[in-house]
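Trainee: predicted model and sequence follow; I will ask about them next.
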Amino acid sequence: MSDQLPKASFRFAVLFTTALAMAACAGRDEYAAPVAVQPTTVPGLALSETGVGLVDQSTRFSSSAISEALGGARVETVNATYEGRVIAQLAAFGPSGLQMARFQGSGGRITGAQIVSEDVPGPGGARVGMTYRQTGGNSMQCDEGTGSWEQMAVCSRSGSSITYVYSVPLWREGRMPRGNELNDAVLNRMIWEP
């Protein structure tokens, strides 16, 4: 009798597993259309020396103008703290529903932008979340950040209108890491200021 119990348990396990597999296949429709997946990157949208996608210095600083230039992206007014003061910015939201860029303006025109998500690539394919090494940081001049960028590395290439701000792990008080010490710093945002 004790020899039959393990065989019975084994048969039950095989039958149960087979039944589960058949149930899983029964609901599958071989002719169903595949579900479209929304890309996280907006096609054609990238940061360059002239702006973000079709948003440049000539773009009006308004939700509707920025939305139109970004292919219908949702744009809303947000408040941000910058160097100790609160300023209004226009934030553009990507397909994921998260902010992808913030725009500053003056005199009714765009004066700058900050890329705050990986949805918008920068020059050379740089994206928020990449490391200093991955973005070619060693070809830039870096300074210690101040104000909003305190204890961050603020880097740029000579003559460029784009600044790269890196969060530096294990920042040593009183001394900004240099060279290879920055390799694991993470790109926090890219700032365009024409």
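Mentor: Looks like it came in fine.
Trainee: hey, where'd the helices end up in the protein?
Mentor: In the chain, the segments counted as helices under DSSP state H are 4-26, 63-69.
Trainee: mean pLDDT lowest for which of those?
Mentor: Ranked by mean pLDDT, those end with helix 4-26 at the bottom, a mean of 39.
Trainee: walk me through the domains of this protein.
Mentor: 50-114, 121-194 (automatic domain parsing).
Trainee: can you add mean neighbour count and distance to Gly44 and give these back as CSV?
Mentor: C-betas here are computed from N, CA, C, even on glycine. Formatted as CSV, the domains of the chain follow (neighbours: other CB atoms under 10 Å; distance: least, CB to CB, whole Å):
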stretch, mean neighbour count, distance to Gly44
domain 50-114, 17, 7
domain 121-194, 16, 11
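Trainee: how about the nearest residue to Ala69, chain neighbours excluded?
Mentor: Leu54 (4.1 Å; CB to CB, 6 or more residues apart in numbering).
Trainee: same question, Ile191
Mentor: The nearest residue in space to Ile191 (CB to CB, 6+ apart) is Thr163, at 4.4 Å.
Trainee: show me what contacts that neighbour?
Mentor: Neighbour list for Thr163: 154-156, 190-191, 193 [criterion: CB atoms under 8 Å, 6 or more residues apart in numbering].
Trainee: can you pick out the most distant pair from those?
Mentor: Pairwise distances across these peak at 13.9 Å for Cys155 and Glu193 (criterion: CB to CB).
Trainee: tell me the one of the contacts of Thr163 nearest Arg102?
Mentor: Distances from Arg102 to these, taken by CB to CB, are shortest for Ile191, at 9.6 Å.
Trainee: hmm, that closest one is touching Gln104, no?
Mentor: No: using CB atoms under 8 Å, Ile191 makes no contact with Gln104, being 9.6 Å away.
Trainee: identify the contacts common to these two.
Mentor: In contact with both Ile191 and Gln104: 112-114, using CB under 8 Å, 6+ apart.
Trainee: Thr81: which of these is nearest?
Mentor: Closest to Thr81, out of all of the shared contacts of Ile191 and Gln104 and judged by CB to CB, is Gln114, at 12.9 Å.
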